[in-house]
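Engineer: output the structure for:
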Amino acid sequence: MPVAVADASALAAVAFGEAEGPAVAARLAPATLVAPALVWFEMASVCLAKIRRQPREADRLLRALGKALRVPIEIHEVDHLAVVSLARDAGLSAYDASYLWLSRRLGAELVTLDRALDAASRRP
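Structural biologist: Okay, here's the model as predicted:
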């Protein structure tokens, strides 16, 4: 089975029913999903931001986050020193570079909706 590193933008699109969700879900479906530990903090942050913009949708959004938290995703540690170097070289945040570092480390596809991160993943 293929392995895919899923970042929070990709997972959020699926979890919160965003327009890109079905396409992302199709990319993720056949794979074993992996992510750095920060993914759940980022997902909680996305949920909170959505609740602040749409307070009447809080219950639905929290249920969606709860469902996402049950998705089997292997959590991997990253080499934080290497992540900082990669972030500096690729012009990314350390958060985004964590996903990129992990995908390179595992030789796995990186599934993201973040344009800068996607572009960085396509560079050697």
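
Engineer: nearest residue to Pro72 other than its sequence neighbours?
Structural biologist: Take Pro72 and drop its neighbours on the chain: the residue closest to it by Cβ to Cβ, 6 or more residues apart in numbering is Leu33, 6.9 Å away. (Glycine included, C-beta is placed from N, CA and C.)

Engineer: just say helix, strand or coil for that neighbour.
Structural biologist: The assignment at Leu33 comes out as strand when based on DSSP: H, G, I helix; E, B strand; the rest coil.

Engineer: residue contacts, Leu86?
Structural biologist: Contacts for Leu86 (Cβ atoms under 8 Å, 6 or more residues apart in numbering) come out as 92, 97, 100-101.

Engineer: among the residues you listed, name the buried ones.
Structural biologist: With burial judged by 16 or more other Cβ atoms under 10 Å, the buried subset of these is 92, 97, 100-101.

Engineer: would you format the residues you listed as a markdown table with secondary structure included?
Structural biologist: Output for these, formatted as a markdown table (three-state DSSP):
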| residue | secondary structure |
| --- | --- |
| Leu92 | coil |
| Ala97 | helix |
| Leu100 | helix |
| Trp101 | helix |
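
Engineer: quick one: which of the residues you listed is nearest to Asp79?
Structural biologist: Of all the buried ones among the contacts of Leu86, Asp79 sits closest to Trp101, with 6.8 Å by Cβ to Cβ.

Engineer: much appreciated, bye for now.
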